[in-house]
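*Asks:* okay, predicted coordinates and the sequence, questions at the end:
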Amino acid sequence: MQRNWYTWRAILILAGLATAVALPVLVSGYVDLKIARALQDQNAHAAAAVKFESAARRLVWREDLWEQAGREALVGGSPEDAIRSLRRAGQLSSRGWLALGRAYLQAGQLDPALGAYQSALAGGGSAEIYAGLAEVHRRRGDLESEQAALQNQVLFSPEDAAAQYRLGLLLSLSNINVAVTHLQLASQLDEEYTPIFQTLRATATLAELSPTEGGRLVILGRGFGLAGEWALAAEAFRKATETDPGSAEAWAWLGEAKQHLGQEAGPDLERAVSLDGRSLIVRALRGLYWKRQGNDRAALAEYQAAAEAEPDNPTWIVSVAETYAGLGDLVSALASYQRATQIAPGESLYWRLLAAFSVEYGVQLREVGLPAAQKAVELDSEDFMALDVLGSAQLMDGQYYAAQQTLLLAIDKEDNYAPPHLHLGLAYLQTGDRNAAYRQLQLALELDADGPTGAQASQVLKQHFP
């Protein structure tokens, strides 16, 4: 009897010790949970994630806290921590699977992301889930599956302009009439898409007039390129080469699209030349390719061949002129620019290009550059770029006050174009108006922070306003 009493006493002591150890852990777990929810309400998501995780470690039966920790970590900008916590949560809710899919997607892990989004669907579809699936399929290059996901997404969220736009683009490859409907809806929901819709609608009309499927796909691809959708353009051109392997134009445009995507284009352009070396489109696109490769002499040969085939086309003459300038042959460049103005004397563009060449290289500024710039403005007084070139020519010729007036006109026509601000700043420096100069140089820098105009403005600011 006494032994049993000692046994029970030992059990009670051990239970007491366990309680003494566990109770503070439990209390601190609930304290962490309370703090986590308060931080969550304050949108301090990263800190909330840490506290939810701490609570989950102490309140071990609350596996749902791991899901909350993961969701907060994701919103707090840490997809890796989100993945770690969500994978410890056991049975995830639909929202948890959605968060895990987003986390994997942000981490660039496409296969696990796809699995997570598919698991989220078990709890019922939603616009968010299908948007995630569409993004995964887009990154994997599975356009057919992306299209299917987008079709489901717009059922849940018909007013999502971006989804309507993307769906319209994908449908353009197979069903142009339905595609135009989605593109039009996107433009109605968000006017940002209106110019692109108008471009693609015109492209679709032209494409449907093509007598061949390969020709239709090439026209569509060019429209995608105009809209900046080069991945889809490449897909259209690729399908065109499959439909009509003998189309030099399709192979040349496929090479152009690949260059925009950072892919090797040489073999496709070589294939295009082997199929039709006399094609002007092939020559032009090969010329662009060689210029991007830094091989101006090869580019010049392509443009000269095109100019010989179409001697009255000023576009080829200007391409020849630009390439001569890049090679340092300024005499031949000047002659070519002047030839373009002789072919199209009523076109402001070619007078502006001639004037810009004269200004940039300092070639016969008074004899050629200034008169050409004045002619360009005379032909099109609304052309802010022509006004900028005229102002630049006046600046170089020492006509500082005239340059200021001309450049102010250019800015009045288009105040988001950086070069006139730079040139006006330089003109103000020449007349001693430092405050006005500083303002214009700062505007040029802001408008073209990562471009050549911004770099020049930055250099002038450092030199004159240290």
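*Replies:* Thanks, I have the structure now. Numbers count the residues shown, from 1 in each chain.
*Asks:* not counting its neighbours along the chain, what's nearest residue 99?
*Replies:* residue 71 (4.6 Å; CB to CB, 6 or more residues apart in numbering). Bear in mind the C-beta positions are built from the backbone N, C-alpha and C, glycine included.
*Asks:* distance of that neighbour relative to residue 48?
*Replies:* Residue 71 sits 9 Å away from residue 48, going by CB to CB, to the nearest Å.
*Asks:* higher neighbour count, these two?
*Replies:* Under the criterion of other CB atoms under 10 Å, the comparison of residue 71 against residue 48 puts residue 71 first, with 28 against 25.
*Asks:* model confidence score at that one, please.
*Replies:* On pLDDT, residue 71 comes in at 82.
*Asks:* so which strand or helix has it?
*Replies:* Taking DSSP states H and E as the criterion, residue 71 maps to helix 64-75.
*Asks:* and for that helix, what's in contact with it?
*Replies:* By CB atoms under 8 Å, 6 or more residues apart in numbering, the surrounding residues in contact with helix 64-75 are 33, 36, 40, 45-46, 48-50, 52-53, 55-56, 59, 79, 81-86, 88-90, 92-93, 95-96, 99-100, 102-103, 106.
*Asks:* now the buried members of the residues you listed.
*Replies:* 33, 36, 40, 45, 48-50, 52-53, 55-56, 59, 79, 81-86, 88-89, 92, 96, 99-100, 102-103, 106 (16 or more other CB atoms under 10 Å).
*Asks:* quick one: the helices in the stretch 1-150 of the chain?
*Replies:* 2-41, 45-58, 64-75, 79-87, 94-106, 110-120, 127-140, 143-156 (DSSP state H, counting those that start in this stretch).
*Asks:* likewise the stretch 301-450 of the chain?
*Replies:* Going by DSSP H, counting those that start in this stretch, the stretch 301-450 of the chain shows helices at 314-327, 330-343, 348-361, 370-379, 384-396, 400-413, 418-430, 434-447.
*Asks:* for residue 117, which of those is the nearest?
*Replies:* Closest of the helices of the stretch 301-450 of the chain to residue 117 is helix 434-447, at 40.4 Å (criterion: CB to CB).
*Asks:* related to what we said a few turns ago, single out the most deeply packed of the helices of the stretch 1-150 of the chain.
*Replies:* Of all the helices of the stretch 1-150 of the chain, helix 64-75 has the most neighbours on average by mean count of other CB atoms under 10 Å, namely a mean of 25.
*Asks:* so where's this structure shaky on pLDDT?
*Replies:* Filtered on pLDDT under 70, the chain yields the residue ranges 1-33, 36, 40, 51, 56, 60-61.
*Asks:* run the chain-centre distance for stretch 114-133.
*Replies:* The chain centroid and the centroid of stretch 114-133 are separated by 26 Å under CA atoms, centre = their mean, to the nearest Å.
*Asks:* please apply the same query to stretch 152-163.
*Replies:* 22 Å.
*Asks:* and what of stretch 177-192?
*Replies:* Stretch 177-192 sits 20 Å away from the centroid of its parent chain (CA atoms, centre = their mean).
*Asks:* buried residues in it, which are they?
*Replies:* In stretch 177-192, counting by 16+ other CB under 10 Å, buried: 179, 180, 182, 183, 184, 185, 186, 187, 189.
*Asks:* no further questions, thank you.
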